[in-house]
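Q: Have a look at this prediction, sequence included:
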Amino acid sequence: MENNEFSSPAQLMEMVNSFRMSRIILTADELAIFDTIGAGGTSADSTATLRKTDPRATGRLMNALVSMGLLKKSGNLFFNTAFSGKFMVKSSPDYLGGLSLSNQTWKTWSTLTDAMRKGSTLIMETPINERADGWKEAFIAAMHARGARQAAETATALDLPATGRMLDVGGGSGTFAYAMIRKNPAIRATIFDLPNILPITEKYIRASGVSDKVDTLAGDYLRDSFGGPYDLVLMSAIIHINSPEENRLLLAKGATALNAGGQLVVIDHVMNDDRTEPLAGTVFALNMLVGTLRGDTYTQKEITGWMEEAGLTGIHLRNTPSGVQMMVGRK
């Protein structure tokens, strides 16, 4: 922990004030500033007219983006950089979809102080299946963008079955399933998710290039059958949404759906016993506090216990180069 200690008040204040940079980027994304500029150049006044914003305020925002390295300026014209043109324009295939989700979570993080007093979110939690289409699209896009590299690393790190079936629980876009199939084309995948999520999933399946090896199954993972049996059950970025009791049930269901010798893989933040590392997991625990009723991040000991109760053996933790942590157990 020594390396994490602050060395000066200036270092602390830099961290405290970093929210300003975040808000500038998120506002620019929310107002589609980078999209408005596009491949050409445009003035702040023209941008303000198109985005229905104040011209002076728009100019100040765009000047800040220049200083931050996300725009270039020549005279009174602003241009996208190579980076912003690739990653910040919504029509780009490399657009960072997680920005839209970050904009939506900004409000929940603003309630952190009051959530500490309550011990849970202050925002009435609408079930994911019932949320607005825009939220669901942004959420799945963010998970897809986050998961693309992680999925490839996971497929490489795992001892995949020579052939057989896999179940991707709460699979969203299905990016992990596609990576498994590309690693081993003999695998067939079922993506299990909520009824109102699966129409979004189908779009990603059609674009995956492996659509003939993928099907879907609608349901609530705490209530509905997983079908099966499967040779691999994957639960990526799922357990942090749930309470310990719900995770105990979920992992038991996953183990029940396995063939003998099949493996259950949990991908999530896996905390040390005193919950102080990894840093990303400590921050994400607070993200779950402000945004969910029962979510949290869990320790290796807790996850191991749930797996053992589900009848799994050979339980171990695996890491990948990007820091993805996996708990793996066999039936």
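A: Right, received. Where do you want to start?

Q: Count the residues that sit near the residue nearest to residue 185 when sequence neighbours are not counted.
A: Distances taken as Cβ to Cβ, 6 or more residues apart in numbering place residue 213 nearest to residue 185, at 7.3 Å, with adjacent residues excluded. (Each C-beta comes from the backbone N, C-alpha and C, glycine too.) The number of residues packed near residue 213 is 18, by other Cβ atoms under 10 Å.

Q: which residues does residue 213 contact?
A: 181, 185, 187-189 (Cβ atoms under 8 Å, 6 or more residues apart in numbering).

Q: Go through the helix or strand bottoming out on mean pLDDT in the chain and flag the buried ones.
A: Across the helices and strands of the chain, mean pLDDT, DSSP states H and E gives its lowest value to helix 133-157, namely a mean of 83. Buried residues in helix 133-157, counted by 16 or more other Cβ atoms under 10 Å: 136, 138-147, 150-155, 157.

Q: Columns pLDDT and distance to residue 283 on top of the contacts of residue 213, output as TSV?
A: Formatted as TSV, the contacts of residue 213 follow (pLDDT from 0 to 100; distance: Cβ to Cβ, whole Å):
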residue	pLDDT	distance to residue 283
181	95	33
185	93	38
187	95	34
188	96	37
189	96	31
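
Q: quick one on the thing from earlier: can you report phi and psi for the residue nearest to residue 185?
A: Backbone geometry at residue 213, expressed as degrees, to the nearest 10, gives phi -110, psi 10.

Q: Over to the one 10 residues further on?
A: Here is the backbone geometry of residue 223 (degrees, to the nearest 10): phi -120, psi -30.

Q: And for residue 229?
A: The phi/psi pair for residue 229 (degrees, to the nearest 10) is phi -80, psi 160.

Q: Pull the contacting residues for it.
A: 165, 257-259, 262.

Q: try 10 Å
A: With contacts defined as Cβ atoms under 10 Å, 6 or more residues apart in numbering, residue 229 is in contact with 164-165, 167, 256-260, 262, 331.

Q: Please apply the same query to residue 51.
A: 30-33, 35-36, 58.

Q: Which two of those residues have the greatest separation?
A: 35 and 58 (14.0 Å; Cβ to Cβ).

Q: More neighbours: these two, which one.
A: residue 58 (24 against 18).

Q: element containing that one, please.
A: helix 55-67 (DSSP states H and E).

Q: Residue 166 too?
A: Using DSSP H and E, residue 166 falls in strand 164-169.

Q: Between helix 133-157 and that strand, find me the angle.
A: Strand 164-169 runs at 140 degrees relative to helix 133-157, counting by axes from the mean of the first three to the mean of the last three Cα atoms, to 10 degrees.

Q: Toward the C-terminus from strand 164-169, list the very next helix or strand.
A: Heading C-terminal from strand 164-169 (DSSP H and E), you reach helix 175-183.

Q: Hey, what's the angle from that next one to strand 164-169? Just curious.
A: Using the same axes, to 10 degrees: helix 175-183 against strand 164-169 is 160 degrees.
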